[in-house]
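Undergrad: Show me the folded form of this:
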Amino acid sequence: MKKKIIIGGLVLLVVVVLVAVTIIKSKQGDITVQTGKVVKSNIASVVTASGEIKPKTFVNVGANAMGRLVSLPVKEGERVKKGQLLAQLENIQPEADMNATRAGLDVAQADAAAAEAAIKTAQAALTLAQADYEQKNLDWQRGQGLYKDQLIPKQDYDSRKNAFEASASNLEQAKIRIQQSKAQAESSQRRIKQNQAQLTHASDVLAKTTYVAPYDGIVTNLPVRQGEMVVMGIQNAPGSTIMTISDMSVVTAEVKVDETDIVNVKLGQDAEVTIDALPKQKFKGKVTEIGDNAILRSTGVSTSQSTGGSQEARDFKVVVTLDNPPDTLRPGLSATAKITTATRENATTIPIQALTIRQRGDLKEKGKKGGSVQAASPDQAKSDKEELQGVFVYRANENKVEFVQVETGITGTTDIEVTKGLKEGDQIVTGSYKVLRTLRNGAKVKVDNSAPAKVEENS
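TA: Prediction:
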C-alpha cells in the first residue's frame, strides 16, 4: 500500500512538472510588447525651421561716386535719425563744376533779359517806322495828283517819291529787327534750359558725395574707415558698401522651411521663435511672407537662377515677424522658428511610434498544411502588395494583437491624430520599435509596460 502511494505521488509530480514546462514553453513563445491607450487630447502640428534675425527694413548705403571719405561721423551700433549726415566724400571738383554751371546760368539769364529789352526797342522802332511810312505814303499820293495837274515841279515830285520809298525800306528793316530780336530771345531761353540741365547734373554729382540717413535706424554694418577710397559699382564689379542702416522697430526671423513642409505653411499662422543668444526667452510672432521660389540647400541660390537641374534638397524662405522684439536683438543672430500649421481640440490621438505599415497580403490568414495552393492572379498579386497604414490593437481576452487600418489627420510633436479606425480607450501596441517592425497580425503577445521605465532608470 505504501509503495502504491509513493508511485502515485511520483506520477502526480511528473504530471505537474510536465504541465509547468508546457506553460513555460508556451509563454516563452509569446512576444513581449508595450501598450498604451487611445486618448482624447489637444494636438498641434508644428513645422520647425532654422534661420537668422533680420530687420524687416534695411538699406545698404553704397558709393554713388568715386572719392575719398573725408568725414565719417557715425559708429557701428549707433542710432541715427532720418536726414542725419552719415558720410562725406571729397567734393572739391563737383562743387567747382556746380558753381561754374550756376555762373553760366546767370549769364544766360542776363542775355535773355537783354534779348527781351531788344524786342521792346525793335517794337518801338517798328511803330515809328510804320507812322513815317504812312505819312510819306500820303505825301506821295498827293504829289502824284499835283504833278499830274502840273501844280508842282518834277523835282518836288521826285523828292516825295524817294521819301516814300525810303520809309517803306525802313519799315521792312524794323520788321526784320523784330524777328532777329525774337530769335535771340528764343536762343537765350534755350541756353537757360541747357544751363539749368547742366546745373541739375552738377548738383546731383555733388549731392552723391554726401550721404544721409534715409530713415530712423541703427548702423548695423560699417566696413569702411575715414580716409579710405570708395568706388561706385560697374558691370560685374560691385561698388563699395559704406554702411548698412537697419530699422529695428520691426524685427523678423527669416528661416528656411523644408520643401516637404512648406505646403502646410500659410500667411498669418502663429509661430514661436527662440534665439541662440537668448536661450531662456521665447518670442511670439506670425508668418508674414512665404517665398515662391525654392532655394538650393547647398548653395543658397534660387532654382530660378540655377542653370542646371539638380535633385538636391531644397528649402523655401519664410519670414516670421516678431510681436514685441526687445532692443537687444541684432541682425544675424541665429534663430529657430516653430510654426503652428494646424490645431485640433479633443482629438483622438495615439503615439506616433505606434503607427506602422503592412502589405495587404501579409494580413491574410495562411492556409493549413496540406491544403492546395492556388496561383494568384496578377491583379490579386498587385492588391496583396498594397501598403496599409494602421496599428496593432491588443485583444486582452485572447492575448493576441490585431492589425487595424486607420486614417490619420495632423501630426504633433509626439502624437498623431486618428480620424478613423480607433476609438478612445482602445489598447494598442506602442513598442518596442524592433517588435513593431516584425509583429504579425494575430500574433500572441505578452504585455510588459515596465520595460520603458527600466530603460529610463538605466539611462
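
Undergrad: count of neighbours near E417?
TA: The number of residues packed around E417, counting by other Cβ atoms under 10 Å, is 19. In this view, the C-beta of every residue, glycine as well, is placed from N, C-alpha and C.

Undergrad: Correct me if wrong: it contacts T408.
TA: Yes. Counting by Cβ atoms under 8 Å, E417 does reach T408; the two are 6.1 Å apart.

Undergrad: quick one: contacts for the nearest residue to V287 once chain neighbours are set aside?
TA: Distances taken as Cβ to Cβ, 6 or more residues apart in numbering place Q269 nearest to V287, at 4.7 Å, with adjacent residues excluded. Taking Cβ atoms under 8 Å, 6 or more residues apart in numbering as the definition of contact, the neighbours of Q269 are 286-287, 339-341.

Undergrad: out of those residues, who has the most neighbours?
TA: Taking other Cβ under 10 Å as the neighbour criterion, I339 ranks highest of the contacts of Q269 with 25 neighbours.

Undergrad: what is it paired to in the beta sheet?
TA: I339 has the following beta-bridge partners by DSSP bridges: V47, A271.

Undergrad: start at 33 instead
TA: From this message on, residue numbering opens at 33, which makes the last subject I371.

Undergrad: Which parts of the stretch 233-382 of the chain are strands?
TA: Defined through DSSP state E, counting those that start in this stretch, the strands belonging to the stretch 233-382 of the chain, from first to last, are 242-244, 249-253, 261-262, 273-290, 302-307, 310-322, 327-328, 346-354, 366-383.

Undergrad: Adding mean pLDDT, write those out as TSV.
TA: Conversion of the strands of the stretch 233-382 of the chain to TSV gives the following (pLDDT from 0 to 100):
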stretch	mean pLDDT
strand 242-244	93
strand 249-253	91
strand 261-262	90
strand 273-290	92
strand 302-307	95
strand 310-322	93
strand 327-328	86
strand 346-354	93
strand 366-383	94
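
Undergrad: would you turn those into a markdown table with distance to R192?
TA: A markdown table is the format used below for the strands of the stretch 233-382 of the chain (distance: least, Cβ to Cβ, whole Å):
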| stretch | distance to R192 |
| --- | --- |
| strand 242-244 | 75 |
| strand 249-253 | 89 |
| strand 261-262 | 83 |
| strand 273-290 | 85 |
| strand 302-307 | 106 |
| strand 310-322 | 95 |
| strand 327-328 | 100 |
| strand 346-354 | 97 |
| strand 366-383 | 106 |
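
Undergrad: Nearest to K88, out of those strands?
TA: Proximity to K88, assessed across the strands of the stretch 233-382 of the chain by Cβ to Cβ, is greatest for strand 273-290 (4.0 Å).

Undergrad: Direction included, what does that closest one pair up with?
TA: Taking DSSP bridges as the criterion, strand 273-290 forms sheet pairs with strand 71-94 (antiparallel), strand 249-253 (antiparallel), strand 346-354 (antiparallel).

Undergrad: and P311, which of the ones you listed is closest to it?
TA: Of all the strands paired with strand 273-290, strand 71-94 sits nearest to P311, with 14.2 Å by Cβ to Cβ.

Undergrad: Flag every buried residue along that closest one.
TA: 75-79, 81, 83-88, 90, 93-94 (16 or more other Cβ atoms under 10 Å).

Undergrad: Point out where this structure drops to low pLDDT.
TA: Applying pLDDT under 70 to the chain picks out residues 33-61, 267, 332, 335-343, 397-408, 483-491.

Undergrad: Is L104 in contact with P255, as I believe?
TA: No. Between L104 and P255 there is no contact, the gap being 11.3 Å when judged by Cβ under 8 Å.

Undergrad: Show me the helices in the stretch 383-491 of the chain, by range?
TA: Defined through DSSP state H, counting those that start in this stretch, the helices belonging to the stretch 383-491 of the chain, from first to last, are 410-416, 465-470, 483-490.

Undergrad: same deal with the stretch 133-282 of the chain?
TA: Taking DSSP H, counting those that start in this stretch as the criterion, the stretch 133-282 of the chain carries its helices at 186-239.

Undergrad: List the beta-bridge partners for Q437.
TA: Note on Q437: beta-bridge partners G422, judged by DSSP bridges.

Undergrad: Then A367?
TA: In this structure, A367 has the following beta-bridge partners (DSSP bridges): G83, I307.

Undergrad: and the gap between it and V436?
TA: Counting by Cβ to Cβ, to the nearest Å, the separation of A367 from V436 is 42 Å.

Undergrad: The two: which is more packed in?
TA: Set side by side, A367 and V436 show more neighbours around A367, with 25 against 16, by other Cβ under 10 Å.

Undergrad: How far away from the center of its chain is stretch 257-277?
TA: 25 Å (Cα atoms, centre = their mean, to the nearest Å).

Undergrad: check contacts around the residue nearest to E377 when sequence neighbours are not counted.
TA: Ranked by Cβ to Cβ, 6+ apart and with sequence neighbours excluded, the top spatial neighbour of E377 is N74, at 5.1 Å. Contacts for N74 (Cβ under 8 Å, 6+ apart) come out as 375-379.

Undergrad: just curious, which of those residues is nearest to G249?
TA: Of all these, the one with the least separation from G249 (Cβ to Cβ) is T375, at 36.9 Å.
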